[in-house]
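>>> quick check, what structure comes out for this input:
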Amino acid sequence: MNILALDLGTSSVRGLVLDADADPLPGALARRRVHLSVTEDGAGTLDAAAYLAGLTECLDELAAAGHLRDVRLVAVCAQWHSVLPLDRAGDPLGPVLTWLDTRPAPATGATGPADPEDFHGRTGAWWHRCYWSVRLPWLRDRTTGVTRFAGLVEYILGQLLDSAPMSVSMASGTGLLDLRRLDWDAEAAALAGVRPGELPELAPMDWHGRLRSAHARRWPQLAEADWAAPVGDGAASNVGSGCVDPRRAAVTVGTSAAVRLIQRVPAATALPPLPASLWRYRVDHEYVVTGAAYSSGGNLFAWANRELRLPEGADLDAALARLSPDGLLSVNPRLGGDRPPGLTPAGSGELRGLSFSSTGVDILAGLMTGLCRMVADDLAVLESGVDSPVEVVLGGGAVTASAWWRTAFAAALAPRPVRHRAEREIGATGAALVALGRVPDADRLGGTGRTEEDPLPTSTAGSGTSARPDAPSTR
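Below is the predicted model of the structure:
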């Protein structure tokens, strides 16, 4: 049996085929770039129809190459927090708001939860522009004819499958789910102003879907395949990194970045205490993931590479290696603003300590190191809820592409052991392991057995392959 894993990211949509142990098959990968529209007013949107077209092209490419033979299971990981309004026919009434969109704000005079601390503990979220409790009223005020709301993955799968309920993992990213009861939270739904039928149906445990007949004719190799409930991309990345218990935290850097830790907390079980500055979502009905996320990641390099005339390849490696750790610029890397619970708007990045001798490489290194320090601070908070310091596994396309950045993370996170998972498709791999019900095996199948030690963090200098951390998103 083979597994088709789909990764519905922010910068690209990808499909790859894995074997029964979630190992990628050589050459069985199709990818399409997607256009993320980012504007100065804080918008970060995607076109749903264009996104669906990109996914179908990936499936066509894999089918034409014969890679979809023997696929019996389809696993999906997808970006959390996205939302789009739909009309009665299920067609989009506007673009998809992604996690990067900072425009939504509470209406004038609106009030938040009666007990913010209790609300945060129940939902793992805050009354914040990233979540549907603020996003839905904001969208409704600007859209006519709204019948219901969906996330990007629910819209996409709704076009392909016989049914597309929302998984508890994706629902937890809306900020409207009671993480213990695994049902919509009444107070959160009231804050969102939702009416009956406007929220997606929640998928029961062990739900599976099938392709609609028209699509089964287009991709007959998938006609009998079961589609598993989608997994939030951050949770999937932890599983794919082998970080599935409190001994090991994942630091993932793709387009954006996050630090996260997984604990086994089955439905109806009391939730562990949640630090005030951290969020918590669901991996599935059995596990929760707790952590912090950042709007900056590989997009820092993409911006610097576009604007600062950086050297390329080995020349960039050499320039980074020559930098003194004591001479790095002081940089606030919040170019895209803050993720929850922060409210810093997009355009809040800062540079300090510039001189006439400062170079584009200095600025790049400051940006990359600034993110390392933010992660280190939040990891210390994350560790406060577990028994002992954790091991760290670095993953995601951005840190895989930059040996210097991995060494900078090792320095910032010392004295914790820091390992690197070199495989880029950790999100898709993790989603497959969740779909197989093999989360406990992930530390063996996808974790320490496939990680490698980076150089000791004696400095933030390093050498290695070309430092081009503008790789596919793996939040």
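>>> alpha carbons only for contacts and neighbour counts from here, please
Will do.
>>> figure out how far stretch 41-60 is from the centre of its chain.
Mean-position distance between stretch 41-60 and its chain equals 16 Å (CA atoms, centre = their mean, to the nearest Å).
>>> so which bits of that stretch are buried?
Neighbour-count burial for stretch 41-60, with 16 or more other CA atoms under 10 Å as criterion, is recorded at 42-48, 51-52, 54-60.
>>> just stretch 100-119 next, same as before
100, 101, 102, 103, 104, 105, 106, 112, 119.
>>> what lies in contact with that stretch?
Outside stretch 100-119, the residues that touch it by CA atoms under 8 Å, 6 or more residues apart in numbering are 41-45, 125-130, 134-135, 137-139, 187-188, 191, 276, 295, 336-337, 345-346.
>>> residue 312: neighbour count?
Using other CA atoms under 10 Å, residue 312 is surrounded by 14 other residues.
>>> got it, and residue 132?
28.
>>> could you check the distance from the nearest residue to it once chain neighbours are set aside over to residue 198?
Leaving aside its sequence neighbours, residue 132 sits nearest to residue 174 (CA to CA, 6 or more residues apart in numbering; 5.3 Å). Between residue 174 and residue 198 the distance, using CA to CA, to the nearest Å, works out to 13 Å.
>>> the two: who's more crowded?
Neighbours per residue, other CA under 10 Å: of residue 174 and residue 198, the larger number sits with residue 174, 25 against 15.
>>> gap between that one and residue 417?
Residue 174 is 33 Å from residue 417, by CA to CA.
>>> also residue 65?
For residue 65, the distance to residue 417 - CA to CA - is 42 Å.
>>> between these two, who's got more neighbours?
residue 417 (16 against 12).
>>> could you flag which of the contacts of stretch 100-119 are buried?
Buried among the contacts of stretch 100-119 (16+ other CA under 10 Å): 42-45, 125-130, 134-135, 137-139, 187-188, 191, 295, 336-337, 345-346.
>>> shouldn't residue 96 be in contact with residue 46?
Yes. Using CA atoms under 8 Å, residue 96 makes contact with residue 46 at a distance of 5.0 Å.
>>> helices or strands up against the helix or strand that residue 393 is a member of?
Per DSSP states H and E: residue 393 is located in strand 391-395. Using 3 or more CA pairs under 8 Å, 6 or more residues apart in numbering; DSSP states H and E as the contact test, the elements touching strand 391-395 are strand 248-253, strand 418-421.
>>> break down the stretch 1-150 of the chain into its strands, ranges please.
For the stretch 1-150 of the chain, the strands defined by DSSP state E, counting those that start in this stretch occupy 2-8, 12-18, 24-33, 37-38, 44-46, 71-78, 84-86, 96-97, 148-150.
>>> possible to save those strands as a markdown table with distance to residue 354 and mean pLDDT?
Shown next, in a markdown table, are these (distance: least, CA to CA, whole Å; pLDDT from 0 to 100):
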| stretch | distance to residue 354 | mean pLDDT |
| --- | --- | --- |
| strand 2-8 | 39 | 98 |
| strand 12-18 | 35 | 97 |
| strand 24-33 | 35 | 96 |
| strand 37-38 | 28 | 94 |
| strand 44-46 | 30 | 96 |
| strand 71-78 | 39 | 98 |
| strand 84-86 | 42 | 97 |
| strand 96-97 | 36 | 98 |
| strand 148-150 | 45 | 98 |
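>>> and those, which is most packed in?
Greatest average neighbour count among the strands of the stretch 1-150 of the chain goes to strand 2-8 (a mean of 29), per mean count of other CA atoms under 10 Å.
>>> go through the strand holding residue 393 and flag the buried ones.
391, 392, 393, 394, 395.
>>> I'd like these written out as JSON lines, with distance to residue 261 added.
As requested, the buried residues of strand 391-395 are exported to JSON lines (distance: CA to CA, whole Å):
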{"residue": "391", "distance to residue 261": "11"}
{"residue": "392", "distance to residue 261": "10"}
{"residue": "393", "distance to residue 261": "11"}
{"residue": "394", "distance to residue 261": "13"}
{"residue": "395", "distance to residue 261": "14"}
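>>> single out whichever of the residues you listed has the smallest pLDDT.
pLDDT across those is lowest for residue 395, at 90.
>>> any idea which residue of this protein is furthest from its center?
Largest separation from the mean C-alpha position in the chain: residue 356, at 38.1 Å (CA atoms, centre = their mean).
>>> and that one, what pLDDT?
So, for residue 356, pLDDT stands at 94.
>>> state the phi and psi torsions of residue 331.
phi -130, psi 130 (degrees, to the nearest 10).
>>> can I assume it is in contact with residue 352?
Yes. Assessed by CA under 8 Å, residue 331 is found in contact with residue 352 at 6.2 Å.
>>> compare these two (neighbour count), which wins?
Shown here are residue 331 and residue 352; by other CA under 10 Å, residue 331 has more neighbours (20 against 12).
>>> and the more buried one, bridged to which residues?
residue 351 (DSSP bridges).
>>> from residue 312, how far out is residue 300?
Going from residue 300 to residue 312 by CA to CA gives 16 Å.
>>> actually residue 403, not the one I typed
Distance, residue 403 to residue 312, by CA to CA: 14 Å.
>>> what's the burial count for residue 192?
Considering only other CA under 10 Å, residue 192 is surrounded by 22 other residues.
>>> which residues touch it?
Contacts for residue 192 (CA under 8 Å, 6+ apart) come out as 132, 133, 134, 135, 136, 137.
>>> cheers, nothing more for now.
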